[in-house]
Structure formats: structure tokens, C-alpha cells
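> need a 3D model of the following:
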Amino acid sequence: MLDDLHIVKDDMTAFIEGHGLKRFHGFVSEEISTVNWEPGDNPDSWKDFVELAKAAGALFLTMSAAVLEKEELDFLIERLRNGGYPSDEDQEEARMLRIYSGKTGFIQLGWPCQGVVFLYEISTEWYDRYQRLVDYADDIGGFPIDESEEE
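Purely as a prediction, here's the structure:
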């Protein structure tokens, strides 16, 4: 398993454009009806996904990628530290993710058809851990409090 999907993203871009399709830079949220692609054991199944989009008459694919930014990770660590139920293990796990700063951890491709968006998503193990920690921080409502500001 790769720990940086940047090369995969570049390959996807070239493959999509090579098939004469355009890319719409955008993320398809959970509020839209979607069907997720099941890649099975084929790490290159995204190529089949793109070819199916073209065969179905799609003119473009949506494309979104998440790069772990140092500032986002620092913000998460602060949220975990100031949260209602901070876990030392979770804080340490978040700090360990620093080695992935600047790396691409998630890619989403999509194409619309008759009111549904078909999606292909790929993520790294570290990005899944990062997202789990973000969700945990959201659940506990942790946010940094700047004590230097007056109310």
C-alpha cells in the first residue's frame, strides 16, 4: 500500500485526459445520492471506472484530492488536547502523522448520471487514521481556546 497517492493522482489525470474527458475539481459530498465503486483486489480498477464513465457518455469527471497540511494536523492535535475527553494515545497517534505532512492521502473521482454520482475513492491507511481522529475530535467538540483574547 502506498503512503503517498500523488503519483496515482498524476496517473489518473493523464488517463482521464487521454480518454478525452475533462476534470471538474470538486468533492462530491455525502448529501448527494452516490454509488461507490468496489475495486476488489485490483489497485488499477480506477482505470475501469474511467472507461465506464466514458462508455456511459460522461463528459467530465469530478476529481478531489486531500493533502495533509501541517497546519491542519497542528489544529487537530490542539483540538484533541483541548477536547473534553482527550486520549494520550490519540494525541500521540496524531503527532506521529506529522511524517505524512505534504503527502496525498485521499483521492475521489466521480461522474454524474441520471441524478446519481458514481464514485471511486482511494485512501491510504494513515489518511484513514487521520480522518478517524478528525471525526473523534468533532464528536468530543474539541476546539482550541485562545486564552490571550478577551471575551
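
> in three-state terms, label the residue nearest to the spatial centre of the chain for me.
Nearest to the geometric centre of the chain sits Phe106, at 3.5 Å (C-alpha atoms, centre = their mean). What DSSP: H, G, I helix; E, B strand; the rest coil gives for Phe106 is strand.

> just checking, it touches Trp126?
No: with contacts counted by C-beta atoms under 8 Å, Phe106 stays clear of Trp126, the gap being 10.3 Å. Bear in mind the C-beta positions are built from the backbone N, C-alpha and C, glycine included.

> returning to what we had before: list the contacts for the residue nearest to the centre of the chain?
Neighbour list for Phe106: 5, 64-66, 121-124, 127, 131 [criterion: C-beta atoms under 8 Å, 6 or more residues apart in numbering].

> and what of Leu76?
94, 130, 133-134, 137.

> which of the helices or strands spans Pro112?
Following DSSP states H and E, the helix or strand that holds Pro112 is strand 104-113.

> same question for that strand, mean pLDDT?
Mean per-residue pLDDT for strand 104-113: 97.

> quick check: next helix or strand after it?
Following strand 104-113 in sequence, per DSSP H and E, is strand 116-123.

> which other helices and strands does whatever helix or strand comes next after that next one contact?
For strand 116-123, the following helix or strand on the C-terminal side (DSSP H and E) is helix 125-140. Judged by 3 or more C-beta pairs under 8 Å, 6 or more residues apart in numbering; DSSP states H and E, the packing partners of helix 125-140 are helix 70-82, helix 88-96, strand 104-113.

> just name the most buried of the ones you listed.
Highest mean neighbour count of those: strand 104-113, a mean of 21 (counted as mean count of other C-beta atoms under 10 Å).

> direction included, what does that strand pair up with?
On the basis of DSSP bridges, the sheet neighbours of strand 104-113 come out as strand 60-67 (antiparallel), strand 116-123 (antiparallel).

> can you show me the CA trace of the first one as PDB?
Think strand 60-67. The C-alpha coordinates for strand 60-67 follow below in PDB (Å, rounded to 0.1, in the frame of the first residue of the first chain):
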ATOM      1  CA  PHE A  60     -16.300  15.100 -17.300                       C
ATOM      2  CA  LEU A  61     -15.200  13.500 -14.000                       C
ATOM      3  CA  THR A  62     -15.100  15.300 -10.700                       C
ATOM      4  CA  MET A  63     -11.700  15.000  -9.000                       C
ATOM      5  CA  SER A  64     -10.700  15.800  -5.500                       C
ATOM      6  CA  ALA A  65      -7.500  15.000  -3.600                       C
ATOM      7  CA  ALA A  66      -6.600  15.600   0.100                       C
ATOM      8  CA  VAL A  67      -3.100  16.500   1.000                       C
END
